[in-house]
Structures are given as structure tokens and as C-alpha cells.
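Undergrad: structure of the sequence below:
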Amino acid sequence: MSDPKEKAAPRKMGLGRGLDALLGEAIREKPAAPDGAADNSVTSNSKARAIAAGIATINISDISPNPAQPRRYFAEEALEELAQSLSRHGIVQPIVVRPFGKGYQIVAGERRWRAAQKAQIHTVPAIVRDFNDAETLEIAIIENIQRQDLNPIEEAEAYKRLSDEFGHSQAALAQIVDKSRSHVANMMRLLDLPQTLRDLVIEGKLQMGHARALLGSEQAVELAAIVIKKGLSVRATEALVRKNKPGAMLSSAKRKITDASADADIRAVESHLGDLLGLKVLIKQESSGGAGSVTFQYGSLDQLDMLCQRLTGETF
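TA: Now for the predicted structure:
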């Protein structure tokens, strides 16, 4: 008889060892039952035998998806490719199910189950374990993260569910999914994005790096449209966000007003000196500080002599 503490094991194991670590070492030593060897009628006795055997062959119609599955998006093209592979090679890796109602519910492997239906495969090999709701949810989330089957938003939502429903800290989550704490924190921050931007990430129109750059921007939605339209890199997106910060925009506006005012004053001085000397005067103000230069343009040596007299009071 199995140790009753065994069900708590998934919460203590990282993912580097795969689903074997989550489901128990004994299972991988039991081969799948050949077609026809298992009793596919779903009864309490058949379920009990399936759990005891570890792996069973189950009618695909007796299996239902888990509504709490963290993965919500299944690319149709990828499913078609997997269906073709299953048609040629069969289902090499069993899905994971638990007894549920009059049949079974998927714990892990919904994509294979969907593809098997497309391939018109009528039975699937399945690891059968008597998981409770909490264990089912946790294993489904962790298995998806391990296989990198989730888009960034789904992954972020998965971390949040693990945190909210199981009380895991970010440090604990990092250990569970074999990721760095900063990775978990950065992923969870994506949930601060407006829903419009989350949808763009889910659809693949906005990459995670771009999304992170837009976090906290009051104009995130508008800037995202620019990023997508122009195909900006992550660095260019970061620069765009900095440029459009309210403080940066205000500073830029103040500089423009100050520069415009300074230009008007300089033009007035040029005009006054030009009238006074009868020469063309050019004043160049440096971009920073108070330094600059004054240029007097003369058309003859007489004008140069006159300028020298006016500046020095002496005759040359």
C-alpha cells in the first residue's frame, strides 16, 4: 500500500526530473497495457485496477479535459502536426488522468488528447492516479511550465495561481519550477499590463521583452501600437517609453520654450549690434552653458578699420 504522504510529494520536488518526480518512481517501471488487455468499461472496479496498475489503456471518449487547466490556447496548426505524428507513430508518452465522475479527467497531456481525437485514435495510454483537486491543479500548472507549453501570460497566471491557491512565495515558486526568482518575479509583473496588451502577448504580436518595457507606462497601449507598426526592437521600445514619460515630455517642452526664448533674445542682440555698427553680426550660442561666439562680417578694409576704432577707440 502506498504511503499516504505520497500525494504531498509534488509540492516538494523540482521539475528537473520530469513528471516521474511528480507522479512517483514506480510508474515508469510499468509498461502500458497492450490494446485489448485492459477492461475499458468505466466502472469502480476498473478504475481501482487502473490506479493499482499505474498505466491503463482508456477509451478517449471516457476522458474529459480539466476546466482548471492553465493552458487556454492550443495552436490549431501545431495540433494538426501532432495528430499526423500520432497517426504514424502512435502515442509514445501516456497522458495523466484521475478518476472523475463516470470516467476520467486529464491531469496532464491535454494537447496529446486533443491531437489523438483529430487523428481518430480511439484509445490512449494513460497514467491513472487518484489525485485530489489541489494536486490536480498544481501538477497541471507545473507540467505545463516544465514543457514550456504556456505563453508568457499563461505562465504568469500559473505562477499567480500557485501563489494564491497554495501560498507559495516567489522564492518557493522558483524552486518548484526550477527557474530563477527574478524570472518568476518578472513573469508575474506581466499581469500588471492592461488586458489589451496581455492579449497582444498571447497572440504573439508583442514579445515579452517589449511587454516588460511597456510596464508602468501611462501610454502603454498607444506605444504598443507604435512598437508593432514599426517593428521596434526591445531597446528601441525602452527608448520610446523613456521619451514619452510625462516628466521627460515636460522637461522637453520646457527646454523648447527656453531655447525659443533664448533664440529670440540672441536675434534681437544681433539686430541691435548690426544697426549700431553697420555690419552683419552673427551670434552663436552653445547648446549648454553660457558660452558662445560673436562674428562680425565686413565687406571692405574700411569697414574693418571702422570696427576696430569702435571697439578700441584707436585709429589703425
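Undergrad: for the stretch 151-300 of the chain, give me the ranges with low pLDDT.
TA: Counting by pLDDT under 70, the stretch 151-300 of the chain has low-confidence residues at 246-262, 287-290.
Undergrad: okay, strands next: where are they in the stretch 101-250 of the chain?
TA: For the stretch 101-250 of the chain, applying DSSP state E, counting those that start in this stretch gives strands covering 103-108, 123-128.
Undergrad: just name the most buried of these.
TA: strand 123-128 (a mean of 24; mean count of other Cβ atoms under 10 Å). The way it works is simple: take the backbone N, C-alpha and C, and place the C-beta from them, glycine included.
Undergrad: if we can go back for a sec, how about the strands of the stretch 101-250 of the chain, which one is nearest residue 284?
TA: Of all these, strand 103-108 sits nearest to residue 284, with 71.8 Å by Cβ to Cβ.
Undergrad: the closest one pairs with which strands, parallel or anti?
TA: Strand 103-108 has these partner strands in its sheet, going by DSSP bridges: strand 63-64 (parallel), strand 95-100 (antiparallel).
Undergrad: one step back: same list (the strands of the stretch 101-250 of the chain) but as TSV, adding mean pLDDT.
TA: Formatted as TSV, the strands of the stretch 101-250 of the chain follow (pLDDT from 0 to 100):
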stretch	mean pLDDT
strand 103-108	91
strand 123-128	92
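Undergrad: how is the protein divided into domains?
TA: What automatic domain parsing lists as the domains of the chain is 4-149, 193-244, 261-312.
Undergrad: which one of these lies closest to residue 171?
TA: Taking these one by one with Cβ to Cβ, domain 4-149 is closest: 13.0 Å.
Undergrad: hmm, residue 98 is touching residue 134, no?
TA: No - with contact defined as Cβ atoms under 8 Å, residue 98 does not count as touching residue 134 (11.9 Å).
Undergrad: reformat the strands paired with strand 103-108 as JSON lines; add mean pLDDT.
TA: Formatted as JSON lines, the strands paired with strand 103-108 follow (pLDDT from 0 to 100):
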{"stretch": "strand 63-64", "mean pLDDT": "93"}
{"stretch": "strand 95-100", "mean pLDDT": "90"}
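Undergrad: just those: most buried one?
TA: strand 95-100 (a mean of 22).
Undergrad: dump it to PDB, restricted to CA.
TA: Extracted in PDB, the C-alpha atoms of strand 95-100 (Å, rounded to 0.1, in the frame of the first residue of the first chain):
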ATOM      1  CA  ILE A  95      -1.300  11.200 -20.600                       C
ATOM      2  CA  VAL A  96      -2.000  11.600 -16.900                       C
ATOM      3  CA  VAL A  97      -5.600  11.200 -15.700                       C
ATOM      4  CA  ARG A  98      -7.600  10.800 -12.500                       C
ATOM      5  CA  PRO A  99     -10.900   9.000 -11.900                       C
ATOM      6  CA  PHE A 100     -13.600  11.600 -12.300                       C
END
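Undergrad: that strand versus strand 123-128: what angle between them?
TA: Interaxial angle of strand 95-100 relative to strand 123-128 (axes from the mean of the first three to the mean of the last three Cα atoms, to 10 degrees): 70 degrees.
Undergrad: need the contact partners of strand 95-100.
TA: For strand 95-100, contacts defined as Cβ atoms under 8 Å, 6 or more residues apart in numbering pick out 19, 23, 47, 50-51, 58, 63-64, 104-110, 112-113, 124-131, 136, 139, 143.
Undergrad: can you check stretch 155-166 too?
TA: 11, 70, 134, 137-138, 141-142, 144-145, 150, 168-170, 173, 176-177, 184, 187-191.
Undergrad: any weak-confidence spans in the stretch 1-150 of the chain?
TA: Short version for the stretch 1-150 of the chain, where the test is pLDDT under 70: 1-54, 148.
Undergrad: how about the helices in it?
TA: 19-23, 44-53, 76-89, 110-118, 133-146 (DSSP state H, counting those that start in this stretch).
Undergrad: may I see the buried residues of the third one?
TA: Same thing as helix 76-89. The neighbour-count check on helix 76-89 (16 or more other Cβ atoms under 10 Å) flags 79, 82, 83, 86 as buried.
Undergrad: hang on, the earlier thing: the strands paired with strand 103-108 into TSV, with extra columns for distance to residue 239?
TA: Shown next, in TSV, are those (distance: least, Cβ to Cβ, whole Å):
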stretch	distance to residue 239
strand 63-64	49
strand 95-100	46
